[in-house]
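*Asks:* how does the following fold in three dimensions:
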Amino acid sequence: MNTHLLFLALVLSLGILKTATSEEITTPTTSCCPRKIITGDGDSRSGTYTFNTTMDVSTLPAECKDGCIYTKMGLDELFCFAPGNLTSECVAIGPKRPDFTTIMIGGSSGTETIGYPCNTSIEDFPIRTSEISAVVFKDEILVCGSFSNLCYTEKASKWIQTPNMAISKLYFTMSSFKDSVIVTGGQVNENPTYATDEMEIFNGTTWTKLNKILTSPRYHHCAVVISDTEFYVLGGKNGDIILPIMEKYDNKGNLVDGKIQNMTTPRFDFGCAVMEGKIYAAGGQQMGDTTNTFEIYDPSLNTWNLMKAKFENGMMGFHLVVLNGNLTAIGHQVLSYDGENWTKIEEANKGANDYFALVVVPCSED
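*Replies:* From the prediction side, this is the model:
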């Protein structure tokens, strides 16, 4: 940006172009308006001006008494203001609208469909259910499971029943790819000792049971997609055995790598996410109790590291996601990780809930 300052002498009918230094001061003589909208019939000075910086008033034209400097959209110049014959409106600039929002569906507390941080117009889920899973597949939300093989797809904010899974189950994982969704493991009836190692695939019209299986039966495990063709499966439970393992599979159900270092903490019913190439695992259950521990896997080193940061309390039945660039845990409470600590997001806590389905989607323009 150039060093010319166009002084808008609004007492006069013309602007005065002067040269000014760019020395900044940290405290202007008055509070600067974040955005000014100037209007005047046919006047070239009309338009929107956005606050840029403050400058030492001794370096500015005498009429620029507040030291507030602005830019105008489309111009590579700096402006200040004085009283005059045009209308000036100060407009507050609110916080930037988030790019993405979570959609929470159903859960132990009911059938509500809730958006955070952006609201959603999607109707409540048609049946009361928990222990369901969801993914975004072909730009639509696909929800399945909960003691059944029922599946629903969201279309134009309505839930439409879609082809059923091959097997009724709960506590399974769903991983979405360009042309398919892979379901792994799960509990296939209400007997908690009956876990399955089976996988099935959905191509958009039909569910098919794969002839591939996990290395061991499990439920309450977790999965993260790491590329267009591969995903990790972590942890889980098989009867009384709590698993620390992590394995890599491809989108056809083939085991790609079964020799990845175990998590530092065997856990089930926990949250996991991938961010900047690293895998995060947090919370969950261990031997009948919840845990508040948090660990990170670095694929380049094939190592898990237990982090100092912990949840204030143990959490289970929640989701760990990357939301607008921040690692976020969403369940009975909503927590954000800043790289050092977990902080509760008070305004996001809309009542206790767990075992709901959750996806991250772009915020609606509505």
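*Asks:* domain ranges for the chain?
*Replies:* The domain map for the chain lists 4-90, 100-361, with the assignment taken from automatic domain parsing.
*Asks:* any chance of CSV for those, columns mean neighbour count and mean pLDDT?
*Replies:* Every C-beta, even on glycine, is put in place using the N, C-alpha and C of the backbone. Formatted as CSV, the entries for these read as follows, by neighbours: other C-beta atoms under 10 Å; pLDDT from 0 to 100:
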stretch, mean neighbour count, mean pLDDT
domain 4-90, 15, 64
domain 100-361, 18, 92
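*Asks:* now do the contacts for residue 103.
*Replies:* 113-115, 120, 122, 134, 141, 358-361 (C-beta atoms under 8 Å, 6 or more residues apart in numbering).
*Asks:* which of the residues you listed sits closest to residue 207?
*Replies:* Closest to residue 207 out of those is residue 134 (15.4 Å), distances taken as C-beta to C-beta.
*Asks:* give me every residue that touches the residue sitting nearest the centre point of the chain.
*Replies:* With distances taken as C-alpha atoms, centre = their mean, residue 323 lies nearest the centre of the chain, 1.7 Å away. Taking C-beta under 8 Å, 6+ apart as the criterion, residue 323 is in contact with 100-102, 117, 360.
*Asks:* let's see that with 10 Å instead.
*Replies:* 98-102, 116-117, 273, 329-330, 334, 336, 345, 348, 360 (C-beta atoms under 10 Å, 6 or more residues apart in numbering).
*Asks:* for residue 278, same thing?
*Replies:* With contacts defined as C-beta under 10 Å, 6+ apart, residue 278 is in contact with 296-300, 305.
*Asks:* that one bridge partners, please.
*Replies:* Applying DSSP bridges to residue 278 yields these beta-bridge partners: residue 275.
*Asks:* what of the one 4 residues further on?
*Replies:* When bridges are called by DSSP bridges, residue 282 pairs up with residue 271, residue 294.
*Asks:* residue 184 now?
*Replies:* What pairs with residue 184, by the bridge criterion (DSSP bridges), is residue 173, residue 199.
*Asks:* ok, it to residue 236 distance?
*Replies:* Separation of residue 184 from residue 236 (C-beta to C-beta, to the nearest Å): 9 Å.
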